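S.K.: Pasting the sequence and the predicted model now:
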Amino acid sequence: MGAEPGGFTLRAATPDDVDVLVAFRVTLFEELGELRDSASERSFRQLTRESFSIGLVTGSCLAWLALASGTE
C-alpha cells in the first residue's frame with residue numbers, strides 16, 4: 001500500500017515481522033499486569049513466537065503494521 005493520510009504506510013505483516021509482533025504483544029501483556037514473573041514472560045514469548053510464525057506462514061493469522069513514512 002502507499003502512503004496513507006497522516007504520514008503512515010500500512011502493510012500486511014510477513015514472517016519477517018515476527019520479532020516486532022512478539023515485542024508488541026509482550027509489551028501489551030506486561031502493561032496489563034498479566035506477566036508477573038520472568039518464567040511466565042519467557043513462556044508467553046515462546047508461545048507467541050510459535051503462534052505468529054505458524055499463523056503468518058499458513059495464513060491463519062493476519063496482522064498489519066503501520067509504518068511512519070520513510071521507514072520500511
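M.R.: Cool, got the structure.
S.K.: Where does Gly55 sit, in terms of helix or strand?
M.R.: helix 38-58 (DSSP states H and E).
S.K.: buried stuff in that helix?
M.R.: Buried residues in helix 38-58, defined by neighbour count with 16 or more other C-beta atoms under 10 Å: Phe44, Arg45, Thr48, Arg49, Ser51, Phe52, Gly55, Leu56. Where C-beta positions appear, they are placed from N, C-alpha and C, glycine not excepted.
S.K.: Same list, those residues, but as TSV with pLDDT and distance to Glu31 please.
M.R.: TSV is the format used below for these (pLDDT from 0 to 100; distance: C-beta to C-beta, whole Å):
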residue	pLDDT	distance to Glu31
Phe44	95	13
Arg45	96	15
Thr48	97	15
Arg49	97	19
Ser51	97	20
Phe52	97	19
Gly55	97	23
Leu56	97	24
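S.K.: Tell me the one among the residues you listed nearest to Val26.
M.R.: Arg45 (5.6 Å; C-beta to C-beta).
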